[in-house]
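Novice: requesting a structural model of the entry that follows:
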Amino acid sequence: MRIDISGLPAERLRFAASPLAELTAMLHVLAEPGHHPQLAGRAADVWAGLRPELAERLREAEFLWRSSRADFLVPARPRPTLAEELDDVDLIDDETYVTAALVTTCGSNRVHFGAPSPLTDATARERALDLAQARGALQEAFAERLLADPAAVRARVRQTLEQCADAFFDAAWADVAVRLATDLRLKNDLLRRQGIAAALASVSEALTLAPGGDRIEVDKLQDNATTARGGLTFLPTVFGHPHLVVIHAPGWQPVVQYPVARTTQPVPLDTVTQRLEALAHPVRLRLLRTLARGPPYDRRAGRRLGAHASRGLPSPCRAAPRRPADVPARRPLRPLHRERPRPHGPRQRPAHGRTALSGLRRASSASRISTSRPSADSSSLSARVAALATTPKAVWPVNAPPKGNSSAR
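Specialist: So this is what the prediction gives:
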């Protein structure tokens, strides 16, 4: 997806919050809670508290926000309140409104609803109804009502959105308003101080500025292009996470709705202090050194440390929060969980010749033992011996250090 911004003044690229776009994102969560598992519980609570009439209204118009968003539900010129944005939607002419609604209802391309209009041309009308019928009975019924009486459907959709505001959205908007304002402050500051490229990088990794600076490239499956002659609007969303929505159509100003980065709960200061004390304790360093030599049993690790493995740890190490260990065995081995560094090239000479030589001696000894009985895997053993000669020291098993190598101790 490419958005042409050549000649676009800096003040025409704006970051703003939209109550209507956030309500649409929340309605998408209600329609597709499986796409948002972190909000599934909240969606279930909302559905449980809805009046049956409002729930029926949402189901009959969910095509406007379920798979994609209708263009008029993601405004390019956001207003402070939902009522003001709904007033702007009322100013859209019927032909534009119906075309945008049919795109999401029929799940088709905008080419099918260009000129002539389905409101005035019988052939275009039949094509729209056929496409809606192919999607399902509910889509067909909605499309028939929309084409027969656009004003009534528009009024019903607005009433549904206003009832959603009273039922659950006003409280939800108050909860997310601070997060949206914080994100907007950050984005506008980046745009003003560091330019468009830095602002796009903070929005999403899927947004990049072309080398010439005249085009924004969006890494999405859509292979389309649009022009932001009148401006480009970025709308943050909390309930729309993790979707990156791009609204573009002939006659519409492009809009990008991006998810606000999620913040984790801060760790209490007392917990941080306990963890730092545990990390800096000398007994922990000795324990790590013991585990690095190989996964020992609890009793053996206790003998090496001079204390019982469970009751002999110092108090800072016992008091610090730790991850629970998965030790179902009666005599569990305690491994050291860490990532081993990978070699940087296909063929690297080992850092120490003695390490590779010791490995070859072990492989040769294993080869002599295996020749005393028939084996069908002699070729794979030869391949292992050849691989040992080119394996760097960084990837040797930590639980079997070569004998005589002082650097492994």
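Novice: I'd like the next helix or strand past the helix ranked longest in the chain.
Specialist: In the chain, taking DSSP state H as the definition, the longest helix is helix 170-193. Using DSSP states H and E, the helix or strand that follows helix 170-193 in sequence is helix 196-203.
Novice: which of the helices and strands in this structure ranks last by mean pLDDT?
Specialist: helix 353-370 (a mean of 46; mean pLDDT, DSSP states H and E).
Novice: secondary structure class for Thr208?
Specialist: Following DSSP: H, G, I helix; E, B strand; the rest coil, we place Thr208 in the strand state.
Novice: one more: the one 5 residues further on?
Specialist: Put simply, Gly213 is coil when judged by three-state DSSP.
Novice: quick one: contacts for the closest residue in space to Arg51 that isn't next to it in sequence?
Specialist: Excluding the flanking residues, the one nearest Arg51 by Cβ to Cβ, 6 or more residues apart in numbering is Ala167, at 7.4 Å. Quick note: C-beta positions are derived from backbone N, CA and C, even for glycine. Residues near Ala167 by Cβ atoms under 8 Å, 6 or more residues apart in numbering: Val46, Gly49, Leu50, Arg51, Leu54.
Novice: hmm, which of those residues are the buried ones?
Specialist: Among the contacts of Ala167, the ones that count as buried by 16 or more other Cβ atoms under 10 Å are Val46, Leu50, Leu54.
Novice: closest to Leu82 among those?
Specialist: Leu54 (15.8 Å; Cβ to Cβ).
Novice: and that closest one, what does it touch?
Specialist: By Cβ under 8 Å, 6+ apart, Leu54 lies in contact with Thr160, Gln163, Cys164, Ala167.
Novice: the first one is in contact with Leu58, isn't it?
Specialist: Yes. Counting by Cβ atoms under 8 Å, Thr160 does reach Leu58; the two are 6.8 Å apart.
Novice: how near is Glu217 to His243?
Specialist: Distance of Glu217 to His243, given as Cβ to Cβ, to the nearest Å: 18 Å.
Novice: these two: which is more packed in?
Specialist: Comparing Glu217 with His243 by neighbour count (other Cβ atoms under 10 Å), the higher total belongs to His243, at 17 against 14.
Novice: just give the nearest non-adjacent residue to the more buried one, would you?
Specialist: Leaving aside its chain neighbours, His243 sits nearest to Pro259 (6.7 Å; criterion: Cβ to Cβ, 6+ apart).
Novice: any idea how far Ala128 is from that neighbour?
Specialist: Counting by Cβ to Cβ, the separation of Pro259 from Ala128 is 32 Å.
Novice: more neighbours: which of these two?
Specialist: Ala128 (26 against 19).
Novice: next up, the contacts around the closest residue to the more buried one other than its chain neighbours.
Specialist: Among residues not flanking Ala128 along the chain, Pro118 sits closest, at 4.5 Å (Cβ to Cβ, 6+ apart). By Cβ under 8 Å, 6+ apart, Pro118 lies in contact with Val98, Thr99, Leu102, Ala124, Arg125, Arg127, Ala128, Leu147.
Novice: report all helices and strands that the host helix or strand of the fourth one contacts.
Specialist: Of the helices and strands defined by DSSP H and E, Ala124 is found in helix 122-135. Helix 122-135 makes packing contacts with helix 94-106, helix 137-148 when contacts are defined by 3 or more Cβ pairs under 8 Å, 6 or more residues apart in numbering; DSSP states H and E.
Novice: what residues of it count as buried?
Specialist: The neighbour-count criterion (16+ other Cβ under 10 Å) identifies Ala124, Arg125, Arg127, Ala128, Leu129, Leu131, Ala132, Arg135 as the buried residues of helix 122-135.
Novice: hmm, which two among those are most spread apart?
Specialist: Taking Cβ to Cβ, no two of the buried residues of helix 122-135 sit farther apart than Ala124 and Arg135, at 17.2 Å.
Novice: so what's the residue count around Gln194?
Specialist: Gln194 sits with 12 neighbouring residues when counted by other Cβ under 10 Å.
Novice: wait, Asp88
Specialist: When neighbours are counted by other Cβ under 10 Å, Asp88 registers 15.
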